[in-house]
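Undergrad: Below: sequence and its predicted model.
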Amino acid sequence: MDRPCENAKQNGRVENNGSLDVTNKCRPVGVGEQLPETMEFRRDPVKGEGLFARRDISVHEPICALPYSIFMALETEKLTTTCYSCLAVTSSHIPYIKGTAQEELSLKTCTGCSQVKFCGKACQTKAWKAYHKLECRIFDLYRHNFPPMMIRAAMRVVLLKDKGLLPQQYWNALTNDVVSHEDIWKAAPENNITAMVRDIKFVTNSKLSLETITRMFWVMRTNSIELPVSVHGGIGTMLDPFFAKFNHNCDANAMLYRPWHTVESGWNLESNPKPEQRSIFATVIPLRDIKKGEELTIFYSDPTLCVKERNAKHMMNYYFECTCSRCVEDTKTATEVEDRMPVLSAQYVALAQGVLRQLEQLRADEEGGRLAYDRASQAWEDGIAQYLDFPQLYTAGDFDQISLHLAVSGLQLGTFDKALINLLRSYFLIYPSRIPGRHNYSNIHIMFVMLETFDILLGINCKDKTMEVARSADVKGSLRRLSKRGFSIQTLLYWRLRICVHLRKCLEASAAKDLLPLVARMQDRVLLHGGSEAGPEEDPFAEDAMKKYLKLSEARWKVVLNETGC
Ligand SMILES: [Zn+2]
Ligand SMILES: [Zn+2]
Ligand SMILES: [Zn+2]
């Protein structure tokens, strides 16, 4: 049998070759370079400087592009599964989930330090010349006391600066152009920065003063963002002095997006990027159509958190209080809910906190993990039904955190039915109302993970050599529990198809079209399994089964379906 992905091409169904729409307006904006024609700086007397749309921007076009950022560091545990140069990812941190991982790519360990890996000679040479020749000896020396991510990020900048390898305009941008909140941090009671900065100066043997390195560290601390990989989520931290200029809004209209091909690498050649496309490391894409004159904003914090927690995070990490319309609205709703149903909201908070506590123990206690997981999962299942008609109670707060924890742990433990219901709840109940843009990161990620979970249950796979095979006893157990709750194989197949079609629609209505070949491949997997090309037929039984499975009332289900757009 041919690999489904090959079939996809032969059928001619993949019209988009997965390449990024790069026009002049979307050339990467380097430090000190002119802004693209889509945006301009404006100064607001209250909020300070911000970026604004110079013209109407359609949801289909990237707003701007960013070049490869040298100010970055990978999370320590991702060093073994990520190319240290092009950032190709060889395996997902979620078991069984392939996503865009390039499992067939094997990484070779750097013989100097044995701490980082490369996908090939070209990547190794490039990284060596650009930065790794400075780090390698230090990584080797400190292999047993390996520096954490933030230290490594700051260390790289210090080393490059010392050796004259950092362009002056980058150094200027870092030291003069972005906020550091240094004074506020210095006054903070607990602060181990002094020790860290001394360590950095010591191991790098830097000529820079402790004061300069301290400031650098604060700049990184204040302006770094998560380094994402297409559908995989975060793998590290990065700082782009231009991207740092985007302000936050809890109802943001833009997000950072890492195209599937990633920078200048040879991986994912399926998408066959042109050289100018390869030089694009990331883009900023709209979450909706944006009107001329609107401020371009991104999320600094998770919009599914409640307003109190969001603002605690903003204060702690960025030193500002958000006063966006979402925050005003959320505060009003929270007060109303507490006034109108004090008992119910207190009970809900107690339930969520109880389950979270149980889940935290699960992490600490590996032995008996399955049992502890089952208990937490059951408590959540039994408790949650009575609150699901009151989205104002649960859409902000711990719900999403609990769902994701239960989903990932469920996949790790092989309780796929429990993983699935929690993924479905985030997909149907949380993201549509909390995160704008159906093609937003969280939504795309959750849809990919969900489709993979469906495939494990349905026994569909892409025949990838290295794909971990789920234990059949786990799959059978999960299917039995699903069937007890009215979810037959037929129902699973129906929703697998329907969600895949929805994912394609979301991506088609976005500037993230480079993921379409991946979705086509997922659709083909089902076709080989006997699904129909036209997509799922209307099936009132399957809809009803989902409604009951999620424990939703008829009225709430209607709203949810409409909001999700599935
Ligand atoms: Zn590479
Ligand atoms: Zn090395
Ligand atoms: Zn806000």
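TA: It's in. No experiment lies behind these values; they were computed from the predicted model shown. Ligands and ions are numbered 1, 2, ... in the order given.
Undergrad: For Leu287, which non-adjacent residue is closest in space?
TA: Gly437 (3.0 Å; C-beta to C-beta, 6 or more residues apart in numbering). Bear in mind the C-beta positions are built from the backbone N, C-alpha and C, glycine included.
Undergrad: That neighbour sits in which helix or strand?
TA: In the assignment (DSSP states H and E), Gly437 maps to no helix and no strand.
Undergrad: doesn't Ser510 make contact with it?
TA: Yes: counting by C-beta atoms under 8 Å, Gly437 sits close enough to Ser510 to count as a contact (7.3 Å).
Undergrad: residues shared between the contacts of the two?
TA: Val59 (C-beta atoms under 8 Å, 6 or more residues apart in numbering).
Undergrad: for whatever residue of the stretch 151-300 of the chain ends up closest to ligand 2, what are its contacts?
TA: Scanning the stretch 151-300 of the chain for proximity to ligand 2 using C-beta to the ion identifies Arg152 as nearest, at 12.3 Å. By C-beta under 8 Å, 6+ apart, the contact set of Arg152 is Ala73, Glu135.
Undergrad: isn't there a helix covering it?
TA: Yes: applying DSSP: H, G, I helix; E, B strand; the rest coil, one finds Arg152 inside a helix.
Undergrad: Local confidence estimate at Ile213?
TA: Predicted confidence (pLDDT) for Ile213: 91.
Undergrad: burial of it, as a residue count?
TA: Residues near Ile213, counting by other C-beta atoms under 10 Å, number 24.
Undergrad: Contact partners for it?
TA: Per C-beta under 8 Å, 6+ apart, neighbours of Ile213: Ala154, Val158, Val197, Ile200, Lys201, Ser206.
Undergrad: Out of the residues you listed, who's the most crowded?
TA: Ala154 (27 neighbours).
Undergrad: isn't that one right next to Arg215, touching?
TA: No: Ala154 is beyond contact range of Arg215, at 10.5 Å (criterion: C-beta under 8 Å).
Undergrad: how about the strands of the stretch 101-250 of the chain, start to end?
TA: 108-109, 117-118, 225-229, 233-238, 247-248 (DSSP state E, counting those that start in this stretch).
Undergrad: With mean neighbour count, distance to ligand 3 and mean pLDDT added, can I get the ones you listed in JSON lines?
TA: Formatted as JSON lines, those follow (neighbours: other C-beta atoms under 10 Å; distance: least, C-beta to the ion, whole Å; pLDDT from 0 to 100):
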{"stretch": "strand 108-109", "mean neighbour count": "14", "distance to ligand 3": "44", "mean pLDDT": "95"}
{"stretch": "strand 117-118", "mean neighbour count": "22", "distance to ligand 3": "40", "mean pLDDT": "94"}
{"stretch": "strand 225-229", "mean neighbour count": "19", "distance to ligand 3": "17", "mean pLDDT": "81"}
{"stretch": "strand 233-238", "mean neighbour count": "20", "distance to ligand 3": "21", "mean pLDDT": "85"}
{"stretch": "strand 247-248", "mean neighbour count": "18", "distance to ligand 3": "7", "mean pLDDT": "92"}
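Undergrad: Identify whichever of those lies nearest to Ile57.
TA: Closest approach to Ile57 among these is made by strand 247-248 (16.4 Å; C-beta to C-beta).
Undergrad: What's the first helix or strand after that closest one?
TA: strand 254-257.
Undergrad: Provide the secondary structure category for Ala65.
TA: strand.
Undergrad: Kindly tell me how buried it is, as a neighbour count.
TA: Using other C-beta under 10 Å, Ala65 is surrounded by 24 other residues.
Undergrad: Show me what it is bridged to.
TA: Pro28, Thr283 (DSSP bridges).
Undergrad: Which residues of the chain lie near ligand 3?
TA: Cys250, Cys322, Cys324, Arg326, Cys327 (C-beta under 5 Å from the ion).
Undergrad: As TSV, the contacts of Ile213 with pLDDT and distance to ligand 1 would be great.
TA: Shown next, in TSV, are the contacts of Ile213 (pLDDT from 0 to 100; distance: C-beta to the ion, whole Å):
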residue	pLDDT	distance to ligand 1
Ala154	91	23
Val158	94	24
Val197	88	31
Ile200	91	27
Lys201	93	31
Ser206	95	28
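Undergrad: Those residues in helices, which ones?
TA: In this view, the contacts of Ile213 that belong to helices under DSSP state H are Ala154, Val158, Val197, Ile200, Lys201.
Undergrad: pLDDT averaged over stretch 475-482 - what is it?
TA: 95.
Undergrad: Likewise for stretch 54-67?
TA: Stretch 54-67 comes out at a mean pLDDT of 92.
Undergrad: before we move on, back to that, the residue of the stretch 151-300 of the chain closest to ligand 2 and ligand 1: what is the separation?
TA: 18 Å (C-beta to the ion, to the nearest Å).
Undergrad: cool, Ile63 as well?
TA: 27 Å.
Undergrad: Now do the same contact list for the residue lying closest to that residue once chain neighbours are set aside.
TA: Spatial nearest neighbour of Ile63, excluding adjacent residues (C-beta to C-beta, 6+ apart): Val284 at 4.6 Å. Contacts here follow C-beta under 8 Å, 6+ apart; on that basis Val284 touches 62-66, 243, 246, 254-257, 296, 298.
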